[in-house]
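Participant: kindly return the folded structure for what I paste below:
(3 chains)
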Amino acid sequence: MDRALVKEKAKQRIKKLRAEIARLRYAYHVEDAPDVTDDVYDSLTRELRSILKEFPEFEDPNASENRVGGKPLDKFVKVHHKVKMLSLNDIFSESELYDWEKRINKLLGSQASKLNYFCEIKFDGLAVSLSYKRGEFIRGATRGDGLVGEDITQNLKTIKSIPLFLKNAPEILEVRGEAVMSKKKLLELNKINERENKPIFANTRNVAAGSLRQLDPKQVAQRGLDFLAYDIAEVSRDAGVIERHSTEHALLRKLGFEMGPKEAICKNIEEVIAFIREFEKVRAHFPFGTDGIVISVDSLKQQEVLGAVGKAPRYMSAFKYPAERATTVVKNILTNVGRTGVLTPLAIFEPTLVAGSTVSKATLHNFDQIERLGLRIGDTVVIEKAGDVIPKVVEVLIRMRTGKEKKFKMPEKCPECGGKIEKRKLPTQTSVAHYCSNPKCPAKNERFLEHFVSVFEIYELGPKILRRFKDEGLITDAADIFTLEKSDIEILERFGEKSAENIIKEIEMKKKISLLKFLWALGILHVGEETARDLAVNFRTLENLMNASIEEINNIENIGPAVSESLYNFFRDKNNLNFIKKLERNGVVVEKIERVKAGKLQGMTFVLTGTLQEMSREIAKDKIISMGGKVAGSVSKNTSYVVAGTDAGSKLTNAQKLGVKVLSEEEFLKLL
DNA sequence: GCACCTCGAGTTCA
DNA sequence: CTCGAGGTGC
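Facilitator: Predicted coordinates:
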C-alpha cells in the first residue's frame, strides 16, 4: 500500500483514539457515557502508543494520552514554595478602596505620581503554583499555608488547560493561577450525583479543591477542571525585562495559558471602581464562580517598595462583592462553656440555605455582641457566611418584630454546673467575656480533656470516647489516660479487642512529648502554641521554667506581664503541680530541648535591636539559642549583650543607660 | 497612650 | 473566620 495512504489512515486513527481517550477522561458525566474501566482505557492508550511509535511525527506532548500517568498515591508530598504564595487583604467598599490608595500614596511618596492599577477577576477555586523548566511542566502544588503546599502534579496534569509543554518558554517559569470548575460542569456533576445518590456539591470551589486533593488522578480527570493563570512568581532572565504585572499577563497569554477574560489597567481608583461595577453586572452569568476583583499596583518596582505586612502584600487587594445573604428566625440562644470557662452564646436558627449549605446555628461570640446587634430570641435576622464558610448574624430586622420576642438574659449561673459567673479571669481585670468560676465545672473539664488529647495527638480518643470513658469511671482527669489498660476498654459495649488495642497502642506512642506541646497541652491561660514555643526554646526544660521568676519569664521576647504572671501563678498552684507530677508518674516524658554541646553562649542573655544585615533577627535568635544562650525582648541588668543593627531604637539607649555591653553586628558574628 | 500586629480561643458544615 | 486581648514600637 502507498506509504502516504497508510500515514493518512494512521493520522485518522490517532485522531479518533485521542478523541475517545479524551471523552473517557473528561466526559464521563455525559448521559450515555459508558462505564470507564481501566481495561478500555488501557487498550486505547496501548493502541495509540504503538501507532505513534511508527509515526512519531504525530506525537503531541499536550495531547490527552500524556495527561494521565499517575497511579493513585498514598499521600501527597510536601512542597516548599520558593516564592511565598500570599493571601490578600479584603476590601468591601469604595471608601476602603480610597483608604488603601491613601496608604499606598503615602508609602510611595514622590513615586506615586506614575501609579497605575491593574484589575482582574478573582476566581473562586483552589490556588495552585505550576513550575516549568525549559518549557516542560515539572511540578504543581497547592497553596497550603503559603510557604509549604502539597505536590499535586499528577492531578494537575489531567487538566486540559494546563499546557504540559510550552513553546518558546523561558528556562525557568513559575506560574500561579486558580484551578476552577465551571458552573455548567458543576450542574452536570450534581445531576449525576443526585441520580446516583451521591453527595451534591455546594459550589464550584468545593469541587475544585476537593477534586485536586483526590489521591487518584483518574478520578480527578473525570471532573473536568480548568486552570486560569494570573501571575508569574518566578521567571528566568531570558524572558526579557518584565516591569509590570500587566506584562506578566501578556506573557502568560502568549505562552498559551488560559486567562481571565476581563482585565484592565486603571489610572486611578475611579477607573477601578468603574471596572468593579462593570463586572458586577455580568458576574452572575459568568461561566466560572468568582468572588471579587483583584487590584494590584501594576509596576513591579513599586510593588517591591510597598512590600508586605504579615501574610498579605500591601500592593495588592481583593475587592469582595457582598456575600450571599439570607434571613431566618432565631429560635433560641444557648450558652456554651469552653475549656477556659468562657461562656459563648450560640444562636439557633430555623435551618436556612445560604451560599450552598444549610445553616442552623452561629456563634454570637459574647454578650456585648448580642447587645450591639440588639438581638432578641424570636427575632428575624439577616445571616451570611463569612469567607463563605462560617455563619454570622449580620443584623436584626427590627421591623419584623411581633412583640413576642424575648430579651436574652445572661445566665447568672453556669448552665452546665451552676457555678458562679464572673466577668474576669484574673483578679485584677475585667473582660468582655463571662466566665464560669468553678474549677470543677464538668463542662470545662471535658473541654480541657479534648484540648489535651488533641495537643498530644492521641487521635483515637475523640470527644465521644472521652466522654464515655469518663461516664464509665475509667478516667477522672487527663493523667488517667496514660494508665488505661486494654482490659479496661474491651469490656465496654461497642468496644472490641481490636479497638481497645489500637487505643492503648496510640496512647503508649504519645507518652513522649516535646516541651512545646506539653506546655501547650497544660492549657495555661494565655499560653497557646506560639507562646509555648517561645517558652520551650528559651527555658529548654520544664524544671527551668517552673523555677523561673516572674521577671525571668517576662524578659522573653513576646511575653509580657499578663502572660508571665499567669505562668508564674500556674506553677505555684498545688493542683497544677500535682497534675504535672501525676502525668510524670503515669509515664509521660517531657523531652528537653537539646542543649548544643558547644554551649559557647551558655548563661548569656542577648537582646537584639535594629536591622541586621547578615541574617534576620529570627535566625540570629535561633543561632543564639542553639548555642546555649537566651534571647530577651527588653534590656535589663541581667542582659549580657545588646546586639545593635542599623536603626537601633530605644533598647540601645536603655543599654547605655544601664551600662550593658553593646555589640555591633560584626562583633556579634565573631562571637558565634 | 495609641496603632499595629499576633496570638488564643471558640466556631460551622459536609 | 471572628472577636478580644496581649505585646511591641513609636
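Participant: how about A:Phe469, what does it touch?
Facilitator: Neighbour list for A:Phe469: A:461, A:475, A:484, A:489 [criterion: C-beta atoms under 8 Å, 6 or more residues apart in numbering]. (Glycine included, C-beta is placed from N, CA and C.)
Participant: let's see 10 Å
Facilitator: A:449, A:461, A:475-476, A:480-481, A:484, A:488-489, A:492, A:495, A:503 (C-beta atoms under 10 Å, 6 or more residues apart in numbering).
Participant: for the helix or strand hosting it, what is the average pLDDT?
Facilitator: Following DSSP states H and E, one finds A:Phe469 within helix A:463-471. Mean per-residue pLDDT for helix A:463-471: 89.
Participant: for it, buried residues please.
Facilitator: Buried residues in helix A:463-471, counted by 16 or more other C-beta atoms under 10 Å: A:465-466, A:468-470.
Participant: out of those residues, who's nearest DNA strand C?
Facilitator: Nearest to DNA strand C among those, counting by C-beta to the nearest atom of the strand, is A:Leu466 at 22.4 Å.
Participant: chain neighbours aside, what residue packs nearest to the closest one?
Facilitator: A:Leu449 (5.2 Å; C-beta to C-beta, 6 or more residues apart in numbering).
Participant: and if you look at A:Val329?
Facilitator: Among residues not flanking A:Val329 along the chain, A:Glu350 sits closest, at 4.7 Å (C-beta to C-beta, 6+ apart).
Participant: need the three-state assignment for that neighbour.
Facilitator: strand (DSSP: H, G, I helix; E, B strand; the rest coil).
Participant: quick one: contacts for it?
Facilitator: Shown in contact with A:Glu350 (C-beta under 10 Å, 6+ apart): A:327-331, A:359-360, A:380.
Participant: pick out the most distant pair among those.
Facilitator: A:Ser360 and A:Thr380 (15.6 Å; C-beta to C-beta).
Participant: pick out whichever of the two has more residues nearby.
Facilitator: A:Thr380 (17 against 13; other C-beta atoms under 10 Å).
Participant: ok, the more buried one - contacts?
Facilitator: A:327-330, A:350, A:396-402, A:405.
Participant: assign a three-state SS to the residue at minimal distance from the centre of chain A, would you?
Facilitator: With distances taken as C-alpha atoms, centre = their mean, chain A has A:Asp145 as the residue nearest its mean C-alpha position (4.8 Å). A:Asp145 falls in the coil class when you classify it by three-state DSSP.
Participant: at which residues are the helices of the stretch 401-550 of chain A located?
Facilitator: Listed in chain order, the helices of the stretch 401-550 of chain A (DSSP state H, counting those that start in this stretch) span A:442-455, A:463-471, A:486-490, A:497-509, A:515-521, A:529-539, A:542-547, A:550-554.
Participant: which residues are contacting the third one?
Facilitator: Contact with helix A:486-490 is made by A:465, A:468-469, A:472-475, A:495-505, as judged by C-beta under 10 Å, 6+ apart.
Participant: what does stretch A:566-585 contact?
Facilitator: By C-beta under 10 Å, 6+ apart, the surrounding residues in contact with stretch A:566-585 are A:425-427, A:439, A:452, A:477-483, A:511, A:513, A:518-519, A:521-527, A:531, A:535, A:542, A:545-554, A:559, A:588-590.
Participant: let's see that with 8 Å instead.
Facilitator: Residues outside stretch A:566-585 that contact it (C-beta under 8 Å, 6+ apart) are A:426, A:439, A:477-479, A:482, A:522, A:524-527, A:535, A:542, A:545-546, A:548-550, A:553, A:590.
Participant: before we move on, what about stretch A:492-504?
Facilitator: Stretch A:492-504 is contacted from outside by A:460-461, A:465, A:468, A:472, A:484-486, A:488-490, using C-beta under 8 Å, 6+ apart.
Participant: ok, stretch A:444-455 next?
Facilitator: A:337-341, A:416-417, A:436, A:438, A:461, A:463, A:466-467, A:470, A:475, A:477-478, A:481, A:517, A:520-521, A:523.
Participant: got a PyMOL select line for the buried ones in those?
Facilitator: A single PyMOL command is used to select the members of the contacts of stretch A:444-455 judged buried by 16+ other C-beta under 10 Å:
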select buried, chain A and resi 337+338+339+340+341+416+417+436+438+461+466+470+475+477+478+481+517+520+521+523
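Participant: can you verify A:Lys122 is assigned to a strand?
Facilitator: Yes - checked against three-state DSSP, A:Lys122 lies within a strand.
Participant: surely it and A:Ile295 touch.
Facilitator: No - applying C-beta atoms under 8 Å, one finds A:Lys122 not in contact with A:Ile295, separated by 9.6 Å.
Participant: overlap of the contact sets of the two?
Facilitator: In contact with both A:Lys122 and A:Ile295: A:Ala318, using C-beta under 8 Å, 6+ apart.
Participant: show me which of these two is the more surrounded one.
Facilitator: A:Ile295 (26 against 20).
Participant: now do the same for that one: helix, strand or coil?
Facilitator: From three-state DSSP, the assignment for A:Ile295 is strand.
Participant: give me the beta-bridge partners of it?
Facilitator: With DSSP bridges as the criterion, A:Ile295 is bridged to A:Cys119, A:Ser317.
Participant: ok, it to A:Arg103 distance?
Facilitator: Going from A:Ile295 to A:Arg103 by C-beta to C-beta, to the nearest Å gives 13 Å.
Participant: how about A:Ile465?
Facilitator: From A:Ile465 to A:Arg103 the distance is 51 Å (C-beta to C-beta).
Participant: could you find the closest non-adjacent residue to A:Ala548?
Facilitator: Here the residue nearest A:Ala548, using C-beta to C-beta, 6+ apart, is A:Phe539, at 6.6 Å.
Participant: dump the residue contacts of that neighbour.
Facilitator: Taking C-beta under 8 Å, 6+ apart as the test, what A:Phe539 contacts is A:515, A:545, A:548.
Participant: and for A:Leu516?
Facilitator: A:529, A:532-533, A:535-536.
Participant: neighbours of A:Leu97, how many?
Facilitator: Using other C-beta under 10 Å, A:Leu97 has 20 neighbouring residues.
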